[in-house]
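S.K.: structure for the following, please:
(chains A and B)
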Protein chains: 2
Amino acid sequence: MTDSLRTGRTEIHRLPARGAHDRDTIHAILDEGMICHIGFIFEGSPFVIPTSYGREGERLLIHGSAASRMLRALSAGAEACITVSLIDGLVLARSAFHHSMNYRSVVLLAKGTLIEEYEAKMEALRAITERLIPGRWNSVRKPTTQEMKGTSVISFPIAEASAKLRVGPPKDDVEDYALPIWAGVLPLSLTPAAPIADDRNLSGVEVPDYIRNYKR
Amino acid sequence: MTDSLRTGRTEIHRLPARGAHDRDTIHAILDEGMICHIGFIFEGSPFVIPTSYGREGERLLIHGSAASRMLRALSAGAEACITVSLIDGLVLARSAFHHSMNYRSVVLLAKGTLIEEYEAKMEALRAITERLIPGRWNSVRKPTTQEMKGTSVISFPIAEASAKLRVGPPKDDVEDYALPIWAGVLPLSLTPAAPIADDRNLSGVEVPDYIRNYKR
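M.R.: Residues are numbered from 1 along each chain as shown, chains lettered A, B, ... in the order given. Here you go, the predicted structure:
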């Protein structure tokens, strides 16, 4: 198994210095993201739908209603492009042209396979939940046979992928550094606020630590 | 002009109660997003690429290197699906099955047109910058003729689109409300941290108010 997920189709053409194809970089970005954007072709047109996901080793996992158009298309083996993007900040240069964002993104090309075996499917649902909210799975009421039936889980091999990243301060043209314009980075991150308890929680049920201390 | 951007292709099939097609809802989501995910077909395969964007009235605007594969494909009139997703929180139910996210998303189907006229192109670049960082355009060094030449700007009509939203607390099955499991929402939002000034800023150049007080 190679550590590079580069292929002709995942070559970075624009600003290749920002590109990466190593497994560790790609996994780290996938593990931090909350949602992915899945592109697929339906009746000849491209569609892009956001959804949550999980990762287990070299597989990316999604789930959804078995009746959904996207899940049905992907179950049938339609080609997918799955993109995860993290926004890390606004990059303010002295020139309009060199404004940018700091970001980390992964583009994964893959065809999915339906996970049908009951235990494997349950394990995939556990992985999706635990990746988003570590500690949650063991606290909740598990899926019933009926709920499992209505849910499709699809596994995509993480084998053909690229990452693209921008980090650090703005880069301006040499002569622009003489301009009295504020330049720098405004960091941005997806940040939790105080948890909002459901009105119907039983009395005495406390916010669990994995929510109180939640961070990506 | 109708106020609905619904067509057969933007009908919401899954959970239609979460769907919306009115212009105001769609514009509001587009105005809050930082990046969009653009889906297009290249050599028969779907690709999804994140990028920043602007909105002016009924047009969504993107820009990028004139040499980029995506920009060239979209300039040539390739069909695009442009999706903007805002994550508002994790929804923790008592059952694994009813876990969800609060989110707002827009899916826009459109074909783009290259903006070639110089003043219109400059105005589009201003709109993209000002939407992301209101107040910035007038503070910075404007694009040169050379920079303009290397940049493509594409305009997409906002005419065929849908929004999908989830808000509020978890919804559990009736019998699960008796379980002593903490349920609720963990709000999430893209939040700025303290601005990081570039090392090469001239002395006496202060952080502008539109950065100090930045919020989406």
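S.K.: got the phi and psi for A:Arg18?
M.R.: A:Arg18 adopts backbone torsions of phi -90, psi 0, taken as degrees, to the nearest 10.
S.K.: my guess is it contacts A:Ile12, does it?
M.R.: Yes. Between A:Arg18 and A:Ile12 a contact is recorded at 7.1 Å, counting by C-beta atoms under 8 Å. Backbone N, C-alpha and C define where each C-beta goes, glycine included.
S.K.: anything in contact with each of these two?
M.R.: Common neighbours of A:Arg18 and A:Ile12 (criterion: C-beta atoms under 8 Å, 6 or more residues apart in numbering or on different chains): A:Lys164.
S.K.: just checking, what packs against the helix ranked longest in chain A?
M.R.: Scanning chain A for the helix with the most residues, using DSSP state H, yields helix A:118-132. Secondary-structure packing of helix A:118-132 (3 or more C-beta pairs under 8 Å, 6 or more residues apart in numbering or on different chains; DSSP states H and E): strand A:54-56, strand A:59-65, helix A:145-150, strand A:151-157.
S.K.: how far away is the residue located most distally from the centre of chain A from A:Gly168?
M.R.: Among the C-alpha atoms of chain A, the one most distant from their mean position (C-alpha atoms, centre = their mean) is that of A:Ala178, at 39.9 Å. Using C-beta to C-beta, to the nearest Å, A:Ala178 is found at 21 Å from A:Gly168.
S.K.: coming back round to it: mind putting the helices and strands packed on helix A:118-132 into a markdown table with mean pLDDT, mean neighbour count and distance to B:Ile35?
M.R.: As requested, the helices and strands packed on helix A:118-132 are exported to a markdown table (pLDDT from 0 to 100; neighbours: other C-beta atoms under 10 Å in any protein chain shown; distance: least, C-beta to C-beta, whole Å):
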| stretch | mean pLDDT | mean neighbour count | distance to B:Ile35 |
| --- | --- | --- | --- |
| strand A:54-56 | 96 | 19 | 22 |
| strand A:59-65 | 96 | 21 | 20 |
| helix A:145-150 | 96 | 12 | 33 |
| strand A:151-157 | 97 | 21 | 22 |
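S.K.: among these, which comes closest to A:Ala194?
M.R.: A:Ala194 lies closest, by C-beta to C-beta, to one member of the helices and strands packed on helix A:118-132: strand A:54-56, at 26.5 Å.
S.K.: so A:Gly168 touches A:Ser100, yeah?
M.R.: No. In this structure, A:Gly168 is not within contact of A:Ser100 by C-beta under 8 Å, at 10.2 Å.
S.K.: of these two, who's got more company?
M.R.: A:Ser100 (16 against 12; other C-beta atoms under 10 Å in any protein chain shown).
S.K.: how much space separates that one from B:Ile62?
M.R.: Counting by C-beta to C-beta, the gap from A:Ser100 to B:Ile62 is 14 Å.
S.K.: kindly report the same for A:Ile49.
M.R.: Computed as C-beta to C-beta, the A:Ile49 to B:Ile62 distance reads 19 Å.
S.K.: do A:Asp173 as well
M.R.: To B:Ile62, A:Asp173 is 23 Å away according to C-beta to C-beta.
S.K.: Throw the helices and strands packed on helix A:118-132 into JSON lines and include distance to B:Glu160, thanks.
M.R.: As requested, those are arranged in JSON lines below (distance: least, C-beta to C-beta, whole Å):
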{"stretch": "strand A:54-56", "distance to B:Glu160": "32"}
{"stretch": "strand A:59-65", "distance to B:Glu160": "23"}
{"stretch": "helix A:145-150", "distance to B:Glu160": "30"}
{"stretch": "strand A:151-157", "distance to B:Glu160": "27"}
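S.K.: of those, which is nearest chain B?
M.R.: Closest approach to chain B among these (C-beta to the nearest C-beta): helix A:145-150, 4.5 Å.
S.K.: and the helix or strand in which A:Arg72 is found, what does it pack onto?
M.R.: Element membership of A:Arg72 [criterion: DSSP states H and E] is helix A:69-75. Identification of packing neighbours for helix A:69-75 by 3+ C-beta pairs under 8 Å, 6+ apart yields strand A:35-42, strand A:45-52, strand A:59-65, strand A:151-157.
S.K.: so can I have CSV of those strands showing distance to chain B?
M.R.: Below are the helices and strands packed on helix A:69-75 laid out as CSV (distance: least, C-beta to the nearest C-beta, whole Å):
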stretch, distance to chain B
strand A:35-42, 4
strand A:45-52, 4
strand A:59-65, 6
strand A:151-157, 8
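S.K.: kind regards, and thank you for your time.
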